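Trainee: Here's a sequence, model it:
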Amino acid sequence: MKILSREEIERKLSALDGWGLTPQGIQKRYEMGDFPSVMTFVNRVADLAEEANHHPDILINYDKVTFTLMTHYAGGVTEKDFDLAGRIETIAP
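Mentor: Below is the predicted model of the structure:
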């Protein structure tokens, strides 16, 4: 799987509202209002991740959740990360 250049990543990020580039990969934080809402969303993302066989790093902070995507076996950000980010956006509240 091809690692995307910084320019390719920046271009693709412009199409994903709220996602940004960090040293760990592409990332977005969602604020949900309460813990049960966060957990419902995380579980829905887990289902998408299983379907895609691509698993995000997930940080839960009570009423907030942060997803970080990077294709670890490729050593960088790939199309696979943007595919999953796009799928997450389709179910985001």
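Trainee: Quick one: neighbours of the spatially closest residue to Asp17 that is not a sequence neighbour, just the number.
Mentor: Spatial nearest neighbour of Asp17, chain neighbours left out: Glu89 (7.3 Å); criterion: CB to CB, 6 or more residues apart in numbering. Every C-beta, even on glycine, is put in place using the N, C-alpha and C of the backbone. Around Glu89 there are 14 other residues, counting by other CB atoms under 10 Å.
Trainee: Strands of the chain, residue ranges please.
Mentor: Assigned by DSSP state E, the strands in the chain fall at 20-22, 25-31, 57-61, 64-69.
Trainee: which helix in this protein runs the most residues?
Mentor: Counting residues, the longest helix in the chain under DSSP state H turns out to be helix 35-52.
Trainee: can you give me the angle it makes with strand 64-69?
Mentor: 20 degrees (axes from the mean of the first three to the mean of the last three CA atoms, to 10 degrees).
Trainee: Give me the distance from helix 35-52 to the chain's centre.
Mentor: 11 Å (CA atoms, centre = their mean, to the nearest Å).
Trainee: Can you give me the buried ones in it?
Mentor: Across helix 35-52, burial judged by 16 or more other CB atoms under 10 Å covers Val38, Phe41, Val42, Val45, Leu48, Ala49.
Trainee: Excluding chain neighbours, what is closest to the fifth one?
Mentor: I take that to be Leu48. Nearest residue to Leu48, sequence neighbours excluded (CB to CB, 6+ apart): Arg87, at 4.9 Å.
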